[in-house]
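Participant: pasted the sequence and its predicted model underneath.
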Amino acid sequence: MASFVLRNHSLLRTLRRVNRSTVENIFRSNQPMNLSNAGNLRTLSTGKHFKPAFKLDTYRRNLSSEIPTSKKKELSIEELIALIEARDIKLIDVREPKEIEETGYIKGALNIPLTKLKEALQMTPESFSEHYKRSQPQKHDSNIVFYGLGSVKSTAALEIAHRSGFKKARHFPGGWEEWSTEVNAKN
């Protein structure tokens, strides 16, 4: 059996083999997808014993995130502003420093690039304070909020944080794009 390759033409060819109702059900479901279980892509194959509906359903389940995209984990811009004004937030910008230099940042945010987040969350409090010049977020903190340019990096940061034990962490999916158009436009 040839392994399934994630390319547009291969995906379309595979989807054509799947009956229409199966595809519609998959795309109607609110299951989040990510590539954390990318090794399971081989469950989709194009061999002669290929069973499209079963294989595509297996593929969808294997890519489902362990982190629900619950609205409780997402902050609106109004909620973010309220937390900032109350000074009750540990706001973390997960973009690369170069991105921040080019676009800007939310005042008071700590920059921990997504590529270094897991390592930062696992540091000792002393190492974290020395490196970032701030106190380290605690696993029980409910005021940890991640943001990026949009929602992609902040969603990934949220997943990393939750897997590292920071179960109450949240994110601002609007990111810098929403902040810069909404808040900066008012000033």
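Facilitator: Everything's here; your move. Residues are numbered from 1 along each chain as shown.
Participant: report the next helix or strand after the lowest-mean-pLDDT helix or strand in the chain in sequence order.
Facilitator: Using mean pLDDT, DSSP states H and E, helix 52-63 stands out as the lowest-scoring helix or strand of the chain, at a mean of 42. The first helix or strand that comes after helix 52-63 along the chain, using DSSP states H and E, is helix 77-85.
Participant: could you list the buried residues of that following helix?
Facilitator: The neighbour-count check on helix 77-85 (16 or more other Cβ atoms under 10 Å) flags 80, 83-84 as buried. C-beta coordinates here come from the backbone N, C-alpha and C atoms, glycine included.
Participant: which residue is the nearest non-sequential neighbour of Lys131?
Facilitator: Let me fix one detail, which is that residue 131 is His and not Lys. Beyond its immediate neighbours in the sequence, the residue positioned closest to His131 (Cβ to Cβ, 6 or more residues apart in numbering) is Met123, lying 7.0 Å away.
Participant: how close does the one you found sit to Glu130?
Facilitator: Noted for Met123: a distance of 9 Å to Glu130, by Cβ to Cβ, to the nearest Å.
Participant: same thing with Glu177?
Facilitator: With the distance defined as Cβ to Cβ, Glu177 ends up 33 Å from Glu130.
Participant: which of these two has more residues huddled nearby?
Facilitator: More neighbours surround Glu177 than the other of Glu177 and Glu130, with 14 against 10 (other Cβ atoms under 10 Å).
Participant: now do the contacts for that one.
Facilitator: Glu177 makes contact with 149-150, according to Cβ atoms under 8 Å, 6 or more residues apart in numbering.
Participant: per-residue confidence at it?
Facilitator: The predicted structure scores Glu177 at 96 on the pLDDT scale.
Participant: ok, now Ala38?
Facilitator: Residue-level confidence at Ala38 comes out at 39, pLDDT.
Participant: cool, Phe27 as well?
Facilitator: The model's pLDDT for Phe27 equals 45.
Participant: same thing with the one 5 residues further on?
Facilitator: The per-residue pLDDT reported for Pro32 equals 48.
Participant: what's the answer for Lys72, then?
Facilitator: If you check Lys72, the pLDDT there is 74.
Participant: got phi/psi on Val152?
Facilitator: The main-chain torsion angles of Val152 are listed as degrees, to the nearest 10 and equal phi -60, psi -60.
Participant: cheers, nothing more for now.
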